[in-house]
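Chemist: Have a look; sequence and predicted model below, questions after that.
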Amino acid sequence: MKRKVIPMKIYDTPHKLNDYLDTHFTCDCGKEHYASLKTVSIGKDALETIPQIVNDLGFKSLYLISDAITYDIAGKRTMEILEAAGIKAKMVTLTHTGFDEATVGELVINMPLDCDVVIAVGTGSINDMTRFFSHRMGRPFFTVATAAPMDGFASSIAAINVNNLKTTYDAQTPVAIIGDTEILKGAPYRMIAAGLGDLLGKYTCLCDWKIAKLINDEHYCTTLVELVENCIQGVLADADKAASRDPEVLGNIMEGLVLTGVAMSLYGNSRPASGCEHHMSHYWEMMFEQAGKRAVPHGTQVSVGTVLILKLVEALKAMDIDFNAAREAAKAYDQAAWEEAIHAAYGPAAPGVIEMEAKAKKNETNARLARIDSMEQNWDGILALLNELPSSETVMDLLRSLNSPCTPAEIEVDEAMLKNTFLYCKEVRARYTILQMVWDLGLLDQLSDQVIKSL
């Protein structure tokens, strides 16, 4: 008979990362929170802890996934450690790294039939693909990080390309995450800066959630918001030391990124750590993929997106909002014209976007009018939330101190793509954000022009 799990009350104040792992919590928000991640090993020589973790969790046959680069960085050494410990393991070094349907096929073909755990050796796309693949195959997975450029380590979702559209799928949280600071400190500096950039994006994404609570009465968890905010403040306090590749600072950055991923797992989706700045990044990744170009790291894109959203907020705060004009704009919405624009902006990915909107109906006129009414009633509260955000110049100064891009031109986003980004990247997800709010007000076209001219 399965033993009943009795949840404990979630902590009133933010705790250390390990205190949130593999524990059921009740919460004042009304949800029961649980992150299935069982162990995190971050520090010097953390790679050496893999055999103990494997044995403690009872796994017998490991399937490791890398690409040619991550194999040299950590895959070869991981296999040596496992072989020395007498643990059965097979490594596949991917030849197709488009991280789409073809990659899934390559992983299926190479998987040992007795595999009981899959290990991602790498970061970003390898991590996402392994998360998705292992979930579909019914196996748990580990992550061995080769860099810390993003917050997706501990999330329970995966973003992969299907039918030319960057799509988020339900997947699973890893059972273990290993971050060896001797490996992390050797990552390209752009990857280190990208990790900090992804953390910067939490400012705007949490503001998105707070605004969605005010306007749409969306479900909201104060405890998780405070957990993520505390994490951002702690890690960014030492951001200036990252340039020297201080192992302790890099370990703290990775732990912060893992913690924000744990927050996503605790909540059950990416709301605590992903907002309109991420939607910009997802749109750019799709456009670069369609053009056959390699995008800069996800966290770098997120940091540039954060700057753009902050500039948009600054332009919005300078406006005297005409809610009646917003209502007229809502009544003038033309679905056919919108679909035509989506085809132009998304190319082969357009059908998926149009299908998503058909289900979400977030642009539908009556719903938009109701949101405008709610905005008018709560505008003082909305402005108060927007005023809590850092200035765009503050964030740009930090990025410049890290020698990291902070403008679209620096990541090869031209003005035409940038305009489409402002107008249409909100369609990547059916989620209420600052961009959707500015669109609801009928101001997105005008204010985005102001931002673009200011760059």
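Modeler: Yep, it's here.
Chemist: Quickly note the distance from Thr97 to Ser125.
Modeler: According to Cβ to Cβ, to the nearest Å, Thr97 and Ser125 sit 7 Å apart. To be clear about C-beta, it is placed using only N, CA and C from the backbone, and glycine gets the same treatment.
Chemist: what about those two, which has more around it?
Modeler: The residue with more neighbours, out of Thr97 and Ser125, is Ser125; 23 against 16, by other Cβ atoms under 10 Å.
Chemist: Once you drop chain neighbours, what's closest to the more buried one?
Modeler: Closest residue to Ser125 apart from its sequence neighbours, by Cβ to Cβ, 6 or more residues apart in numbering: Phe99 at 4.4 Å.
Chemist: Now do the contacts for the one you found.
Modeler: For Phe99, the contacting residues are 125-126, 128-129, 160-161, by Cβ atoms under 8 Å, 6 or more residues apart in numbering.
Chemist: so Pro179 touches Thr146, yeah?
Modeler: You called it Pro, but residue 179 is Gly. No: assessed by Cβ atoms under 8 Å, Gly179 is found out of contact with Thr146, at 9.4 Å.
Chemist: pLDDT score for His96?
Modeler: In this model, His96 is scored at 78, pLDDT.
Chemist: Can I take it that it is in a strand?
Modeler: No: counting by DSSP: H, G, I helix; E, B strand; the rest coil, His96 is not found in a strand; it is coil.
Chemist: Now do the same contact list for it.
Modeler: Contacts of His96 by Cβ under 8 Å, 6+ apart are 102-103, 106.
Chemist: Closest one to Leu82 out of these, please.
Modeler: Nearest to Leu82 among the contacts of His96: Glu106, at 21.7 Å, using Cβ to Cβ.
Chemist: my read: that closest one touches Gly98, true?
Modeler: No: using Cβ under 8 Å as the test, Glu106 is too far from Gly98 to be in contact (10.2 Å).
Chemist: neighbour-wise, which of these two wins?
Modeler: Using other Cβ under 10 Å, the more surrounded residue of Glu106 and Gly98 is Glu106, with 17 against 13.
Chemist: In the strand or helix carrying that one, which of the residues would be classed as buried?
Modeler: Assessed by DSSP states H and E, Glu106 sits inside helix 101-110. For helix 101-110, burial by neighbour count (16 or more other Cβ atoms under 10 Å) applies to 103-104, 106-107.
Chemist: can you redo these as JSON lines with distance to Ala46?
Modeler: Converted to JSON lines, those look like this (distance: Cβ to Cβ, whole Å):
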{"residue": "Thr103", "distance to Ala46": "27"}
{"residue": "Val104", "distance to Ala46": "29"}
{"residue": "Glu106", "distance to Ala46": "28"}
{"residue": "Leu107", "distance to Ala46": "25"}
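Chemist: count of neighbours near the residue nearest to Glu182 when sequence neighbours are not counted?
Modeler: For Glu182, ignoring the flanking residues on the chain, the nearest one in space by Cβ to Cβ, 6+ apart is Lys44 at 5.9 Å. By other Cβ under 10 Å, the residues close to Lys44 number 13.
Chemist: If anything else comes up later, I'll come back, but that's it for now.
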